[in-house]
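K.L.:
only geometry, no sequence info:
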């Protein structure tokens, strides 16, 4: 048969012929098996031996033929029926395979099913110098699962010598099968303790029995027994058959139950190496590695998997999450961009919040702004991104952009206090004093902390005070006082109170300085008109002094914490000069 024809036959499933078109062949062809007919009740078990795997096809055929012949010569037909080479070759040929085909385990079990085999002998034949070496195992089916019993490696001068050893090893296994079958029956009846007892009996008959240990392990798992019991049986089974996935899977689960995560990961890695296509185990390993604080190891495994699955969205998302966990932020930015290109739905709030968090942890202000801008466009009603932009633009010194973001935040959510605070602060820093005055009451109405707004507004007073200190002009101090009063009216604070008192005292001090000149003019009898004018002016100034001292005395106690030394000096001076006010009123005949 041509190679393409064989591949086609395999593609549609091994032995796709119906039972009617693939009859079960009678015991015929080749040397006759000793011991008379099979049991009338049909209880005679049968064994299938086909061509062994081998780099030398001829050796694979020869070794299998010798083993089959040995079984026929050693076993009575009543105890074990050996499926003949004729039946095997006919079925293979009918299914599009060469008669000397060396089949994999899956195809062997299908062939065994077609020929009603109970046992399959799977083997690998090779040469070790001049000697022949065979590694073999017994396969049986339990429901839909294939179980394996490794046999000791057989090595001899020729295929016949090896066949003797293989047959002898199988005989030892066969002795343990009756208690194994009792164990399986007990399992099916949910009699787990009986199953364990039967499995122990099987192990007593054949110390290396994997079949009995598999049954025992099932019973312990069904009982939900202590992890140590499962570990003991699974470990013994693993020693006998290192590739036994059932043992490894239960061993990993038991270690995980005990909280021994490192051991569970180690076992799962062995399972992965045996079965790299098992996505469930891969995800379990990656999750365990990530949770154990070893995301770097998980990433190494994931990268190897993604070489064959570059467009797998699930793997890409897991990789992104692991990179974030491993603090590989720059890599996470790249992976995240790839992820949302493949799956636009992945660009959700969680995605942007985690990416922004990574950018913040990486001290990457430019990336924060980039991500927050994209998030703000995608989620225009989410005020948090605008507030974030306002903060980061401000840190970057881009005050105008920061102010615009803050104002967008207040437009999106007029009750968002943070947005208003940012807007007031930024308007202050941009010296947009009219905007500050307009925004501050709205900020407080939205629930912004009055202290924060007050401290922010207080910054607008300082420039006016500085100008007055430099010019020493009363009108500049009046501007400073008016500014401080307007701020205090919106958001009273210690700062606003201090500057009110400071400005008022400065105005009063300026008035006091002019009293000597006014007194001289008032006492000049030669110019009565000028004296009268000086007297009227002096009374006005006394009023200015009296009112501003009063203003300073009222406000300074609340503002003293800003500058205790200055506050003390001002209050001392007010007390000292206040005693002259009545004298001024009398001297100038003030009403």
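P.N.:
It's in. Bear in mind that the values here come from a model prediction, so they are computed numbers and not experimental data. Numbering: from 1, shown residues only.

K.L.:
Give me the secondary structure label for residue 120.
P.N.:
For residue 120, the assignment made with DSSP: H, G, I helix; E, B strand; the rest coil gives strand.

K.L.:
and what of the one 5 residues further on?
P.N.:
Secondary structure for residue 125, judged by three-state DSSP, is strand.

K.L.:
how close does it sit to residue 170?
P.N.:
16 Å (C-beta to C-beta, to the nearest Å). Yep, even glycine has a C-beta here, placed from its N, CA and C like the rest.

K.L.:
if you count what's nearby, which of these two comes out ahead?
P.N.:
More neighbours surround residue 125 than the other of residue 125 and residue 170, with 29 against 23 (other C-beta atoms under 10 Å).

K.L.:
Am I right that that one is in contact with residue 136?
P.N.:
No - counting by C-beta atoms under 8 Å, residue 136 is not a contact partner of residue 125; they are 9.0 Å apart.

K.L.:
Identify the contacts common to these two.
P.N.:
Both residue 125 and residue 136 are in contact with residue 52, where contact means C-beta atoms under 8 Å, 6 or more residues apart in numbering.

K.L.:
dump the residue contacts of residue 465.
P.N.:
Neighbour list for residue 465: 480, 484, 499, 502-503 [criterion: C-beta under 8 Å, 6+ apart].

K.L.:
how does it look with 10 Å?
P.N.:
Residues in contact with residue 465 (C-beta atoms under 10 Å, 6 or more residues apart in numbering) are 476-477, 479-481, 483-484, 498-499, 502-503, 506.

K.L.:
now swap in residue 197 and tell me
P.N.:
Contacts for residue 197 (C-beta under 10 Å, 6+ apart) come out as 179, 182-183, 186, 191, 216, 219.

K.L.:
same check, this time on residue 38
P.N.:
Residue 38 neighbours (C-beta under 10 Å, 6+ apart): 27, 44-46, 76-81.

K.L.:
ditto for residue 149
P.N.:
By C-beta under 10 Å, 6+ apart, the neighbours of residue 149 are 119, 136-140, 169-170, 173, 176-177, 180, 206, 208-214, 240-241.

K.L.:
what's the longest helix in the protein?
P.N.:
In the chain, with assignment by DSSP state H, the single longest helix is helix 528-559.

K.L.:
Would you mind listing the buried residues in that helix?
P.N.:
531, 534-535, 537-539, 541-542, 544-546, 548-549, 551-553, 555-556, 558-559 (16 or more other C-beta atoms under 10 Å).

K.L.:
Mind giving me the packing neighbours of it?
P.N.:
For helix 528-559, the elements it packs on are helix 474-490, helix 494-513, helix 515-522, helix 564-578, helix 581-587, judged by 3 or more C-beta pairs under 10 Å, 6 or more residues apart in numbering; DSSP states H and E.

K.L.:
Buried residues in the third one, which are they?
P.N.:
What it means is helix 515-522. Under the neighbour-count criterion of 16+ other C-beta under 10 Å, helix 515-522 has 515, 518-519, 521-522 buried.

K.L.:
do the longest one as well
P.N.:
Buried positions in helix 494-513, judged by neighbour count with 16+ other C-beta under 10 Å: 494-512.

K.L.:
same deal with stretch 421-430?
P.N.:
For stretch 421-430, the neighbour count (16+ other C-beta under 10 Å) marks 421-428 as buried.

K.L.:
what about that stretch, distance to the chain center?
P.N.:
Centre-to-centre, stretch 421-430 and its host chain are 38 Å apart (C-alpha atoms, centre = their mean, to the nearest Å).

K.L.:
Same check on stretch 543-556?
P.N.:
The chain centroid and the centroid of stretch 543-556 are separated by 65 Å under C-alpha atoms, centre = their mean.

K.L.:
if you average pLDDT over that stretch, what comes out?
P.N.:
For stretch 543-556, mean pLDDT is 95.

K.L.:
same deal with stretch 505-517?
P.N.:
In the prediction, stretch 505-517 has an average pLDDT of 92.

K.L.:
helices or strands up against the helix or strand hosting residue 161?
P.N.:
Per DSSP states H and E: residue 161 is located in helix 159-175. When contacts are defined as 3+ C-beta pairs under 10 Å, 6+ apart, helix 159-175 packs onto strand 46-49, helix 57-74, strand 119-128, strand 131-142, strand 145-150, strand 154-156, helix 192-205.

K.L.:
swap the cut-off to 8 Å and go again
P.N.:
helix 57-74, strand 119-128, strand 131-142, strand 154-156 (3 or more C-beta pairs under 8 Å, 6 or more residues apart in numbering; DSSP states H and E).

K.L.:
Let's have these in a markdown table, adding distance to residue 465.
P.N.:
Shown next, in a markdown table, are these (distance: least, C-beta to C-beta, whole Å):
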| stretch | distance to residue 465 |
| --- | --- |
| helix 57-74 | 102 |
| strand 119-128 | 96 |
| strand 131-142 | 92 |
| strand 154-156 | 102 |
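
K.L.:
Make TSV out of these and add mean pLDDT and distance to residue 394.
P.N.:
Converted to TSV, the helices and strands packed on helix 159-175 look like this (pLDDT from 0 to 100; distance: least, C-beta to C-beta, whole Å):
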stretch	mean pLDDT	distance to residue 394
helix 57-74	95	78
strand 119-128	96	72
strand 131-142	96	70
strand 154-156	96	80
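
K.L.:
Against residue 311, how distant is the residue nearest to the spatial centre of the chain?
P.N.:
Centroid check for the chain by C-alpha atoms, centre = their mean gives residue 321 as the closest residue, at 4.3 Å. Between residue 321 and residue 311 the computed distance is 18 Å (C-beta to C-beta).

K.L.:
before we move on, what about residue 466?
P.N.:
Residue 466 sits at a distance of 64 Å from residue 311 (criterion: C-beta to C-beta).

K.L.:
Neighbour count for these two, which is higher?
P.N.:
It is residue 466, of residue 466 and residue 311, that has more neighbours when counted by other C-beta under 10 Å, with 12 against 9.

K.L.:
what's in contact with the helix holding residue 161?
P.N.:
With C-beta under 8 Å, 6+ apart as the criterion, helix 159-175 contacts 47, 59, 62-63, 65-67, 69-71, 74, 80, 119, 121, 123, 125, 132-134, 136, 138, 149, 151-152, 154-156, 205-206, 209, 211.

K.L.:
List the buried residues of the following helix or strand past it.
P.N.:
Next along the chain after helix 159-175, taking DSSP H and E as the criterion, comes helix 177-188. Neighbour counts over helix 177-188 (16+ other C-beta under 10 Å) mark 177, 179-180, 182-184, 186-187 as buried.

K.L.:
Can you report how many residues neighbour residue 382?
P.N.:
18.

K.L.:
quick revisit: of all the helices and strands packed on helix 159-175, which one comes closest to residue 295?
P.N.:
Comparison of the helices and strands packed on helix 159-175 against residue 295 by C-beta to C-beta identifies strand 131-142 as nearest, at 38.7 Å.

K.L.:
Sheet partners, orientation included, of the closest one?
P.N.:
Its sheet considered, strand 131-142 pairs with strand 119-128 (antiparallel), strand 145-150 (antiparallel), strand 154-156 (antiparallel) by DSSP bridges.

K.L.:
Kindly reformat those as CSV containing distance to residue 40.
P.N.:
Formatted as CSV, the strands paired with strand 131-142 follow (distance: least, C-beta to C-beta, whole Å):
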stretch, distance to residue 40
strand 119-128, 21
strand 145-150, 29
strand 154-156, 35
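
K.L.:
Just say which of those is most tucked in.
P.N.:
Most buried of these, by mean neighbour count (mean count of other C-beta atoms under 10 Å): strand 119-128, with a mean of 21.

K.L.:
Give me the angle between that strand and helix 159-175.
P.N.:
If you take axes from the mean of the first three to the mean of the last three C-alpha atoms, to 10 degrees, strand 119-128 sits at 150 degrees to helix 159-175.

K.L.:
chain center to strand 119-128, what's the gap?
P.N.:
Here the centre of mass of C-alpha atoms in strand 119-128, compared against the chain's by C-alpha atoms, centre = their mean, lies 46 Å away.

K.L.:
Other residues contacting it?
P.N.:
45-49, 52-56, 59-60, 62-64, 67, 105, 108-109, 112, 132-140, 148, 155, 159, 162, 166, 170.
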